[in-house]
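Enquirer: Dropping a prediction and its sequence here:
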Amino acid sequence: MVRKYTASDFMDGASLAVRLPEECRSEGSSVRVWKEGSRVILEPETLRDWPAGFWEKLDALDPLPDDFALPEPLPENPYRDEVLEWFSGE
């Protein structure tokens with residue numbers, strides 16, 4: 001069921017801030033934000049858990065062969081690094 005609420009917005013320095021009604025608040029300190037046409041959508045950002053049994057399966061794998069070579073590091077890319085930081089929550 002979709003419920004609609006009214007929230008107030010205000011300027012906080014150069015950023016627009018929104019004061020959400022109590023019913024719309026989520027745990028945690030950050031949300032994902034995206035825009036769809038004129039709609040602004042907020043989604044609670046939660047850290048994902050590893051799938052059940054992931055570490056056990058990883059431990060059960062054979063060790064890497066002696067001739068395994070690590071790939072060369074990717075060249076620096078400020079945009080990629082910014083996106084990776086955003087996803088990791090840093």
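Expert: Perfect, I can see it now.

Enquirer: Tell me which stretches of this protein form helices.
Expert: With DSSP state H applied, the chain shows helices at 54-60, 78-88, listed in chain order.

Enquirer: Just the residues contacting the longest one, thanks.
Expert: The contact list for helix 78-88 (CB atoms under 8 Å, 6 or more residues apart in numbering) reads residue 74. For every residue, glycine as well, the C-beta is placed using N, CA and C.

Enquirer: Please state the mean pLDDT value computed over that helix.
Expert: Averaged over helix 78-88, pLDDT sits at 78.

Enquirer: Only alpha carbons, please: show it as PDB.
Expert: The C-alpha coordinates for helix 78-88 follow below in PDB (Å, rounded to 0.1, in the frame of the first residue of the first chain):
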ATOM      1  CA  PRO A  78      38.800   9.900 -10.500                       C
ATOM      2  CA  TYR A  79      35.200   9.200 -11.700                       C
ATOM      3  CA  ARG A  80      35.500   5.500 -11.100                       C
ATOM      4  CA  ASP A  81      37.100   6.000  -7.700                       C
ATOM      5  CA  GLU A  82      34.300   8.400  -6.700                       C
ATOM      6  CA  VAL A  83      31.700   5.900  -7.700                       C
ATOM      7  CA  LEU A  84      33.400   3.100  -5.800                       C
ATOM      8  CA  GLU A  85      33.700   5.300  -2.700                       C
ATOM      9  CA  TRP A  86      30.000   6.100  -2.900                       C
ATOM     10  CA  PHE A  87      29.100   2.400  -3.100                       C
ATOM     11  CA  SER A  88      31.400   1.500  -0.200                       C
END
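
Enquirer: and it, how far out from the chain's middle?
Expert: Averaging C-alpha positions (CA atoms, centre = their mean, to the nearest Å) puts helix 78-88 10 Å from its chain's average.

Enquirer: before we move on, what about stretch 73-85?
Expert: 16 Å.
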